[in-house]
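Chemist: Attaching a predicted model along with its sequence, questions to come.
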Amino acid sequence: MIRYIRTRLFTVIPVFFGITLLVFLFLDLGPGTIADLMGEGGGSVDADRAAVEARLGLDQPLPVRYARWLSGLLRGDLGKSYQTGRPVADTIAQRVMPSIILTGTGVVLAVALAVPLGVLAAWKPRSGWDRLATLSSMVSAGVPGFLLSLMAVYLFSVGLGLLPSSRMYTTGSSGTLPDLLRHLILPAGVICVSNMGSLVKQTRSACLEVLGEDYMRTAWAKGLKDRAVMTRHMLRGALIPILTTILSHIPHIIGGSVVVERVFGWPGMGSLMFSAIMSRDFNLVMGVTVVIALTVLCTNLLLDLVYGLADPRVRYGRGAV
């Protein structure tokens with residue numbers, strides 16, 4: 001098992017640095033820099049642009065700039081924001097928790113609703129539960145997140161006036177928990193609906209596959225009650241693919257949802273990434289990229305370890321995948 005973990009780590013490390021290199025290259029190839037949006041004043045446009053590039057080190061060749069950024073990363077320094085001058089790490093630290101609160105709540109709600117619905121849909125095919133599972137999957141996969149967000153705002157904020165449509169807290173308030181919960185309902189609900197489809201489909205599919213196994217027929221032949229067969233045998237046998245789908249949502253929790261956060265004015269990682277890209281704040285973009293890439297890679301590593309523990313055949317050098 002130790003050899004398996006070491007092999008996976010040796011795979012993750014070069015992938016991480018490859019991601020940072022590609023993002024850095026794409027940012028450099030993109031149109032414009034922060035120098036196009038800032039000026040030192042008192043001179044021509046070209047002179048101002050050159051002064052900003054020289055001050056921020058953007059006049060250096062790409063390999064030099066990447067090596068300098070990578071050196072800072074290895075020291076634990078993500079640099080400073082071009083726009084605000086604040087350390088990138090501090091800016092990201094302020095945005096991580098709001099993203100975790102928003103998308104974490106939405107994903108937890110999606111899991112709590114989708115897994116039981118998928119189990120019931122598999123247990124009772126062509127029933128009302130099965131039709132509800134199909135409908136929820138269609139809505140989740142077919143309706144874009146921005147459209148769901150706008151519909152929620154129009155119905156519950158503009159039309160009925162029941163819930164606030166933007167921000168994390170009411171402006172000028174002391175930031176109480178009830179106020180947070182009122183602002184959380186709509187965006188977390190949209191994220192819940194957007195993530196339910198894949199969870200319902202995966203749960204239903206995994207449970208249907210387990211239902212055809214010999215040990216399920218044996219459990220029924222023993223005279224076990226339906227609830228015992230469902231929970232102890234069917235759900236347990238389908239747990240690995242369900243858990244895989246759930247764990248795959250962890251990067252979304254950290255990275256945030258750009259569309260939902262922008263529509264609802266939520267101060268999370270998604271809106272931070274959007275504003276950093278629009279302002280050409282490359283240090284901030286790279287900082288957010290590092291956080292999201294590490295989250296994705298660590299989640300994939302965790303999934304590999306879960307598979308390795310559950311089924312030794314998937315370990316490298318042990319035969320079948």
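Modeler: Received the coordinates, thanks. Every value quoted in this text rests on a predicted model; they were computed, and no experiment measured them.

Chemist: what residue is smack in the middle of the chain?
Modeler: The residue lying closest to the centre of the chain (Cα atoms, centre = their mean) is His252, at 0.8 Å.

Chemist: show me the residues around that one that make contact.
Modeler: Counting by Cβ atoms under 8 Å, 6 or more residues apart in numbering, His252 makes contact with Thr103, Val107, Asn195. All C-beta atoms are positioned from the backbone trio N, CA, C, and that covers glycine.

Chemist: Find the residue closest to the second one in space, skipping its chain neighbours.
Modeler: Distances taken as Cβ to Cβ, 6 or more residues apart in numbering place His249 nearest to Val107, at 4.8 Å, with adjacent residues excluded.

Chemist: what's the distance between that neighbour and Thr295?
Modeler: 11 Å (Cβ to Cβ, to the nearest Å).

Chemist: More neighbours: which of the two?
Modeler: Neighbour tally, His249 and Thr295, criterion other Cβ atoms under 10 Å: the higher count belongs to His249, 20 against 17.

Chemist: what pLDDT does Val306 get?
Modeler: Note for Val306: predicted pLDDT of 69.

Chemist: Point out where the stretch 201-321 of the chain drops to low pLDDT.
Modeler: Counting by pLDDT under 70, the stretch 201-321 of the chain contains low-confidence residues at 226, 255-256, 306-321.

Chemist: which stretches of it form helices?
Modeler: Counting by DSSP state H, counting those that start in this stretch, the stretch 201-321 of the chain has helices at residues 214-221, 226-228, 235-237, 239-247, 250-255, 258-264, 269-278, 282-310.

Chemist: how about the ones you listed, which one is nearest Ile191?
Modeler: For the helices of the stretch 201-321 of the chain, the distance to Ile191 is smallest for helix 258-264, at 5.9 Å, taking Cβ to Cβ.

Chemist: Now that closest one - C-alpha only, PDB.
Modeler: Presented in PDB, the C-alpha positions along helix 258-264 are these (Å, rounded to 0.1, in the frame of the first residue of the first chain):
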ATOM      1  CA  VAL A 258     -18.500  31.500 -10.500                       C
ATOM      2  CA  VAL A 259     -21.900  32.000 -12.000                       C
ATOM      3  CA  VAL A 260     -23.900  31.700  -8.800                       C
ATOM      4  CA  GLU A 261     -21.600  33.900  -6.900                       C
ATOM      5  CA  ARG A 262     -21.700  36.600  -9.500                       C
ATOM      6  CA  VAL A 263     -25.500  36.600  -9.800                       C
ATOM      7  CA  PHE A 264     -26.000  36.600  -6.100                       C
END
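
Chemist: by contact count, what packs against that helix?
Modeler: Applying 3 or more Cβ pairs under 8 Å, 6 or more residues apart in numbering; DSSP states H and E, one finds that helix 258-264 contacts helix 88-123, helix 145-152, helix 177-211, helix 269-278.

Chemist: and Thr244, which of those helices is closest to it?
Modeler: Among these, helix 177-211 comes nearest to Thr244, with 7.9 Å by Cβ to Cβ.

Chemist: what angle do the closest one and helix 145-152 make?
Modeler: 130 degrees (axes from the mean of the first three to the mean of the last three Cα atoms, to 10 degrees).

Chemist: Show me how far helix 177-211 is from its chain's centre.
Modeler: 13 Å (Cα atoms, centre = their mean, to the nearest Å).

Chemist: who does that helix touch, helix- and strand-wise?
Modeler: helix 88-123, helix 128-142, helix 145-152, helix 239-247, helix 258-264.

Chemist: highest average neighbour count across those?
Modeler: helix 258-264 (a mean of 22; mean count of other Cβ atoms under 10 Å).
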